[in-house]
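S.K.: What follows is a predicted structure for the sequence shown.
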Amino acid sequence: MPGLKEIAELAGVSVSTVSNVLNERSNVGPDTKDKILKICAEVGYLPNTLRKKAKMSHSKTVMFIFSDFDRHFYLKIINGISDCLTENGYDFMICTNKSSIHFIENRLACGIISLDSSMTDEDLLAIAKPDLPVVLMDRIIDHPRGFTKSVIVDNYPIMCEMVQQLVNKGFRRFGFMGGVEHTLDTQERFAGLEDTLALHDIVFDRKYYFHGNYREESGYQAAKIMILGNDLPEVLVCANDNMAIGAIRAFAEHRLRVPEDISVVGFDDSAAAAAAGLTTISVPRYESGYLAAKKLIEMTEGSASKEAFKLSAAICWRQSVRG
């Protein structure tokens, strides 16, 4: 961790100025104070007095680590985590993976809830310890000594159900827009699509597999590429709502009608999906956050099982699918 000297160099001020700010003295201007505090937050610096206090109270603090691009996605999850922790007398810390390492090193938490695809399995296994259990919300990792547990969406069966109903509606030519390929969500959602089509002797054509990264802009760009190929599927199954909404925007710009010219479905049931009339799969985000916190508390108390907890989801049929 950097010290006062490093903070002072980054801020372009003297060590005594940094010390005055951290000791809440009033002889430093507000702009300089804000600059120093921002740098401290970015590098995860805590003065010794606060570090000691934090270590004394870490036994009742839970850290939630998340990716830093789609805050709306996390809101209900955070509400669920917060409600469960508050009911059980725990404090709550939220950070992205960029800053989490500093707080982990300073032992500021008794447990971690992680929903960050940029963190590798190796990173998470290295973090998980007897006094720092980790609940994973985006993957399953079998820690050899049981210091991790997963609370995840049961993607596969609900995707199979949706694709089955799309086949029943007469669709035969399917496209798929995946998120980050190594993520469990994309892998299971695509497997549900491909396996269900195979049951009906429909071979998924890989030319209709399009890559995104869960963001709306990636769905928009992937759909533009699809349009340029002049060979559209009948229905585009997207691994999340953001990419589906981006794709619909691209189709509209090229005067392609949804669902008349192409049907589109998503996954998550975000507020934006409802506003856009997007058929999607509704995931209990609040409940998933609440259960993740509940399981973590059980782990800190030594009473949790090792098995992954899988949450059921449901289909929301709306106007983006014909028939």
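M.R.: Sure thing, it's come through.

S.K.: Please name the residues that touch the residue lying closest to Ser114 once chain neighbours are set aside.
M.R.: Among residues not flanking Ser114 along the chain, Ile65 sits closest, at 4.7 Å (Cβ to Cβ, 6 or more residues apart in numbering). Where you see a C-beta, it was placed from the backbone N, CA and C, and this is true even at glycine. Applying Cβ atoms under 8 Å, 6 or more residues apart in numbering, one finds that Ile65 lies in contact with 95-97, 100, 112-116, 119.

S.K.: Whichever of these end up buried, select them in PyMOL.
M.R.: Burial among those is assessed by 16 or more other Cβ atoms under 10 Å; the matching PyMOL selection reads:
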select buried, resi 95+97+100+112+113+114+115+116+119
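
S.K.: Okay, Lys294 and Phe92: tell me how far apart.
M.R.: For Lys294, the distance to Phe92 (Cβ to Cβ, to the nearest Å) stands at 14 Å.

S.K.: Which strands border the helix or strand hosting Phe176, and is each parallel or antiparallel?
M.R.: If you go by DSSP states H and E, Phe176 is part of strand 174-178. For strand 174-178, the pairing partners within the sheet under DSSP bridges are strand 209-211 (parallel), strand 235-238 (parallel).

S.K.: Throw those strands into a markdown table and include distance to Gly192, thanks.
M.R.: Converted to a markdown table, the strands paired with strand 174-178 look like this (distance: least, Cβ to Cβ, whole Å):
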| stretch | distance to Gly192 |
| --- | --- |
| strand 209-211 | 14 |
| strand 235-238 | 9 |
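
S.K.: If you count neighbours, what's buried in the helix or strand Met226 falls within?
M.R.: In the assignment (DSSP H and E), Met226 maps to helix 216-228. Buried residues in helix 216-228, defined by neighbour count with 16+ other Cβ under 10 Å: 216, 218-224, 226-227.

S.K.: who touches that helix?
M.R.: 175, 177, 210-212, 232, 236, 238, 242-251, 254, 256.

S.K.: Show the buried residues in those residues.
M.R.: Counted by 16+ other Cβ under 10 Å, the contacts of helix 216-228 give 175, 177, 210-212, 232, 236, 238, 242-251, 256 as buried.

S.K.: hmm, back to that, how about the helix holding Met226 as PDB, C-alpha atoms only?
M.R.: Extracted C-alpha coordinates of helix 216-228, given in PDB (Å, rounded to 0.1, in the frame of the first residue of the first chain):
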ATOM      1  CA  GLU A 216     -26.000  -2.400 -25.200                       C
ATOM      2  CA  GLU A 217     -23.400  -1.000 -27.600                       C
ATOM      3  CA  SER A 218     -22.000  -4.400 -28.300                       C
ATOM      4  CA  GLY A 219     -25.500  -5.700 -29.300                       C
ATOM      5  CA  TYR A 220     -25.900  -2.700 -31.600                       C
ATOM      6  CA  GLN A 221     -22.600  -3.300 -33.300                       C
ATOM      7  CA  ALA A 222     -23.200  -7.100 -33.700                       C
ATOM      8  CA  ALA A 223     -26.600  -6.500 -35.200                       C
ATOM      9  CA  LYS A 224     -25.100  -4.000 -37.700                       C
ATOM     10  CA  ILE A 225     -22.700  -6.800 -38.800                       C
ATOM     11  CA  MET A 226     -25.600  -9.200 -39.000                       C
ATOM     12  CA  ILE A 227     -27.500  -6.700 -41.200                       C
ATOM     13  CA  LEU A 228     -24.600  -6.200 -43.500                       C
END
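
S.K.: Please spell out the segments of the stretch 1-150 of the chain that come in under the pLDDT threshold.
M.R.: 1-2, 41-59, 68-71, 97-99, 102-103, 106 (pLDDT under 70).
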